[in-house]
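Visitor: Please find the sequence and the predicted model below.
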Amino acid sequence: MKKLIVLFLLIGCTDPTPTAQEVVDRAIEAAGVKKLVNAEASLTFRDIDYTYSMRDGNFIYSRIQYDSIGNQVKDVLDNEGLFRYVNDSLINLGEEKRAAYTSSVNSVIYFAFLPFRLNDAAVNKSYAGVVEINDKSYHKIKVTFDAKGGGEDFEDVFYYWFDTEDYSMDYLAYSYNEEDEGKGMRFRVAYNPRKVNGVTIQNYRNLKPKVKDSVPLEQIDRAYIDGKLEELSLIELEDVVINH
């Protein structure tokens, strides 16, 4: 009888709930994005070519596009900052434009390789419970950023939903506050997941609330289930190449 009581107590004291850090670590492992620590990659997003390179903590991201008269415009973001070249000539940028181009280039790379950057030093993670979406269970993780190292948009808040069984990142959401758009939020639904040289790459359906400011960010998963979101755009990554 004593053995049964001890066994019952041991089972009762077992807490199966993982920490936010444990969930993210498992998701990073499942997605294979650790391989990006020392790697080169390229991809196309909305007809614009991007490259990624990281070696020993030093990174170089680039974006190449063409203006209306055929000039090549290349933005290069590295540990020193962002530099713009037009037909290989360095262009002097004001601080406002430099910040905007930095955010734009960094954003595409950041989202393309999630959940790779969720263990950065400026990232704060907290566990927000287990939720059911479309008959599947997900660990819900909230992410905020420190001002130091968190970038221009450090005040943005993110949520990620990781499958409780395989730790795939099937949904994400975030709030933003832009000068041109004001405040808003987005909810992304992953589709077409595929492995590229061992790294998971996926596309997203980009959704927003049907009625602006009608949904608190922390409840946006419920709004999705209840049909209160509408599709805004598709996030499609093409011609992805990864070498590591």
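Guide: Thanks, I have the structure now.
Visitor: quick one: the closest residue to S137 other than its chain neighbours from N197, how far?
Guide: Of all residues not flanking S137 in the chain, T164 sits nearest, at 4.3 Å (C-beta to C-beta, 6 or more residues apart in numbering). For glycine as for every other residue, the C-beta is placed from the backbone atoms N, C-alpha and C. For T164, the distance to N197 equals 27 Å [C-beta to C-beta, to the nearest Å].
Visitor: Report the next helix or strand after the longest strand anywhere in the chain in sequence order.
Guide: Of all the segments of type strand in the chain, defined by DSSP state E, the longest one is strand 182-196. Where DSSP states H and E defines the elements, the next helix or strand beyond strand 182-196 is strand 199-209.
Visitor: Which positions within that next one qualify as buried?
Guide: Buried residues in strand 199-209, counted by 16 or more other C-beta atoms under 10 Å: 199-205, 207-209.
Visitor: Out of these, which is nearest to K125?
Guide: Taking C-beta to C-beta as the measure, K125 lies nearest T200 of the buried residues of strand 199-209, at 19.5 Å.
Visitor: Quick one: residues contacting the closest one.
Guide: Taking C-beta atoms under 8 Å, 6 or more residues apart in numbering, we find T200 in contact with 30-33, 168, 193-194.
Visitor: tell me which of the residues you listed is nearest to Y101?
Guide: For the contacts of T200, the nearest to Y101 is V33 (24.8 Å; C-beta to C-beta).
Visitor: Quick check, that closest one in contact with A112.
Guide: No: using C-beta atoms under 8 Å, V33 is not in contact with A112, being 10.3 Å away.
Visitor: Looking at the two, which is more packed in?
Guide: V33 (23 against 18; other C-beta atoms under 10 Å).
Visitor: Tell me which residues touch that one, please.
Guide: Contacts of V33 by C-beta under 8 Å, 6+ apart are 113-116, 199-200.
Visitor: what angle separates the longest helix anywhere in the chain from strand 182-196?
Guide: In the chain, assigned by DSSP state H, the helix with the most residues is helix 95-112. Compare the direction of helix 95-112 with that of strand 182-196 by axes from the mean of the first three to the mean of the last three C-alpha atoms, to 10 degrees and you get 40 degrees.
Visitor: Sort out which residues of helix 95-112 are buried, please.
Guide: Within helix 95-112, the residues scored as buried using 16+ other C-beta under 10 Å are 98, 100-103, 105-106, 108-112.
Visitor: of all these, which comes closest to L217?
Guide: Minimum distance to L217 across the buried residues of helix 95-112 is 17.1 Å, recorded for F111 (C-beta to C-beta).
Visitor: quick one: contacts for the closest one?
Guide: Counting by C-beta under 8 Å, 6+ apart, F111 makes contact with 204, 235.
Visitor: beta partners of N203?
Guide: Beta-bridge partners for N203, by DSSP bridges, are Y191.
Visitor: please begin residue numbering at 522 from this point
Guide: Right, with 522 as the first residue, what we last looked at is N724.
Visitor: Helices of the protein, residue ranges please.
Guide: 523-534, 541-552, 616-633, 741-746.
Visitor: measure S754 to L635 for me?
Guide: To L635, S754 is 17 Å away according to C-beta to C-beta.
Visitor: Make CSV out of the helices of the chain and add mean pLDDT.
Guide: Output for the helices of the chain, formatted as CSV (pLDDT from 0 to 100):
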stretch, mean pLDDT
helix 523-534, 42
helix 541-552, 98
helix 616-633, 94
helix 741-746, 97
